[in-house]
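**Q** Model the following, please.
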Amino acid sequence: MTNRTWAALLAVLMLAGCDYLPFGYTPVKDIVAAPANFEGREVKLKGTVRDVTKVPLLNIKTYALQDDTGEIAVVTEGNLPAVNDRIALKGTVKSAMIIGGQSLGLRVEEIRRLP
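**A** Got it, this is the predicted structure:
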């Protein structure tokens, strides 16, 4: 292989793990349908903010993220987005408990927002 081919291959491999590429997003319906398969895993999501909730006494901030396939709760330690904002994020799927494959308290804990 030529140096140019090696350089192109290296660039592709480096970008493959990059969170900022416009692909690799998980549909919400996949998480909701099989929460045990995603428990504790990092996912990339994108969609529209539909609801925002802040409980100041407990310092809990959540929002509902809706994509073309469904809606899921997102917990954040950062600033809350505005309703109807289109956002992308990386987060960890969590449940309070999973019984018989059904999740109670299913949510995504936001790690960071993506551009």
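**Q** okay, CA-based contacts and neighbour counts for the rest of this
**A** Fine.
**Q** ok, Ile98 - contacts?
**A** Contact analysis of Ile98 by CA atoms under 8 Å, 6 or more residues apart in numbering lists 35-36, 104.
**Q** now those residues as JSON lines including neighbour count?
**A** Below are the contacts of Ile98 laid out as JSON lines (neighbours: other CA atoms under 10 Å):
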{"residue": "Pro35", "neighbour count": "21"}
{"residue": "Ala36", "neighbour count": "20"}
{"residue": "Leu104", "neighbour count": "13"}
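**Q** What about those residues, which are in helices?
**A** Per DSSP state H, helices hold the following members of the contacts of Ile98: 35-36.
**Q** with the contacts of Ile98 in mind, which one is nearest to Gly70?
**A** Pro35 (13.6 Å; CA to CA).
**Q** I'd like to know how far the closest one sits from Thr92.
**A** Remark: distance between Pro35 and Thr92 (CA to CA, to the nearest Å) = 12 Å.
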